[in-house]
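A.B. asks: sequence? don't have it. structure:
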């Protein structure tokens, strides 16, 4: 619970600093660059190293891929129907299609299910959510941004994305024992991701962001907090008949609020930053109300 209070407090601090103009106008750009190049790779190096795969977790790892794929389809169709711009549609895909499976997800798993189930959450986050972000997420961001969308340029952006490079190196080093000083360094750097990301989001949040973005925000949060996890639950429980504690945690992770990493990438690519910050900020707050509901709904699973 202390972690949740810390994250919420960082979001509030970002809003206050943004309103009082205590930070430079583009301070969020420096914070986002630090997150993508240092904090996120450090977290990947740290957690991938201790991951142990087994067949029962395949569906757990697949969950973020399904959530994102259905989200892209949903936002593309509703974007066409409601006349959203391409940056708005792409931004919704990144924040509405990816769950916050780490900075909100892991503390919530510990609070509702206990520390024993954190391993499942870490696996979902590292081999699911962040691998989706590092590949399909960058593809979406590049495709819906106003920059160079030639196939070669998009592939270059994917293979040079720092978290993806970190993931490849981390997988190669899984059998290498990190020295104690390296583990301590990685832990310290990884711990900066959640607070810095939420301060960055808060810095960019403005009340005027609601103007013209309410319909898109409702669509994004409606999918992320309700429709998306319901679709995954219908597939896993209703169709594949999978049950048990691992499945409960997997579906609980699917119901998390919008993913901060996806928001950072979307903002970097100019995909309606005002909407992205609005969806993330409101979504994280609302998820504190919706997650207990999902927990009780998943008890029979």
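C.D. replies: Yep, that arrived. Please read all numbers here as calculations on a predicted model, not as lab measurements.

A.B. asks: okay, buried residues for the lowest-mean-pLDDT helix or strand in the chain please.
C.D. replies: In the chain, the helix or strand scored least confidently by mean pLDDT, DSSP states H and E is helix 151-159, which has a mean of 77. Of the residues in helix 151-159, 154, 157, 158 count as buried by neighbour count, 16 or more other Cβ atoms under 10 Å. Glycine gets a C-beta too; all of them are placed from N, C-alpha and C.

A.B. asks: which helix or strand lies directly C-terminal to it?
C.D. replies: helix 162-172 (DSSP states H and E).

A.B. asks: so that following helix versus helix 151-159, what angle?
C.D. replies: Here helix 162-172 runs at an angle of 60 degrees relative to helix 151-159 (axes from the mean of the first three to the mean of the last three Cα atoms, to 10 degrees).

A.B. asks: shift numbering so it begins at 287
C.D. replies: Will do, 287 is the new start, and the previous item becomes helix 448-458.

A.B. asks: what's in contact with helix 448-458?
C.D. replies: Outside helix 448-458, the residues that touch it by Cβ atoms under 8 Å, 6 or more residues apart in numbering are 322-323, 326-328, 330-331, 334-335, 412, 416-417, 419-421, 424, 444-445, 547.

A.B. asks: again, only using 6 Å
C.D. replies: 322, 323, 326, 327, 330, 331, 334, 420 (Cβ atoms under 6 Å, 6 or more residues apart in numbering).

A.B. asks: excluding its backbone neighbours, what's nearest the second one?
C.D. replies: Once flanking residues are discounted, residue 323 sits nearest to residue 448: 5.0 Å by Cβ to Cβ, 6 or more residues apart in numbering.

A.B. asks: what is the neighbour count of the one you found?
C.D. replies: Neighbours of residue 448 under the rule other Cβ atoms under 10 Å: 16.

A.B. asks: now the residue minimising distance to the centre of the chain: how far from residue 431?
C.D. replies: Centroid-nearest residue in the chain: residue 545, 2.2 Å away (criterion: Cα atoms, centre = their mean). Look at residue 545 and residue 431: by Cβ to Cβ, to the nearest Å, they are 18 Å apart.

A.B. asks: same deal with residue 337?
C.D. replies: Look at residue 337 and residue 431: by Cβ to Cβ, they are 32 Å apart.

A.B. asks: same deal with residue 299?
C.D. replies: 29 Å.

A.B. asks: so which of the two has more stuff around it?
C.D. replies: residue 431 (19 against 16).

A.B. asks: contact partners for the more buried one?
C.D. replies: 555, 556.

A.B. asks: tell me the phi and psi of it?
C.D. replies: Backbone geometry at residue 431, expressed as degrees, to the nearest 10, gives phi -90, psi 170.

A.B. asks: quick check, pLDDT for it.
C.D. replies: What the model reports as pLDDT for residue 431 is 86.

A.B. asks: and what of the one 5 residues further on?
C.D. replies: The pLDDT attached to residue 436 in the predicted structure is 70.

A.B. asks: count of residues packed around it?
C.D. replies: Neighbourhood size, residue 436 [other Cβ under 10 Å]: 10.

A.B. asks: ditto for residue 587
C.D. replies: So residue 587, with other Cβ under 10 Å, has 16 neighbours.

A.B. asks: what's the distance between it and residue 407?
C.D. replies: 16 Å.

A.B. asks: now residue 421
C.D. replies: 21 Å.

A.B. asks: between those two, which one's more packed in?
C.D. replies: residue 407 (25 against 16).

A.B. asks: wouldn't that one be in contact with residue 395 here?
C.D. replies: Yes. Residue 407 is within contact range of residue 395, at 4.6 Å (criterion: Cβ atoms under 6 Å).

A.B. asks: against the centre of the chain, work out the most remote residue.
C.D. replies: Taking Cα atoms, centre = their mean, the residue of the chain most remote from its mean C-alpha position is residue 465, at 29.4 Å.

A.B. asks: and it, what pLDDT?
C.D. replies: Residue 465 carries a pLDDT value of 93.

A.B. asks: who touches it in this structure?
C.D. replies: By Cβ under 6 Å, 6+ apart, residue 465 has no neighbours at all.

A.B. asks: do you know the pLDDT at residue 287?
C.D. replies: 61.
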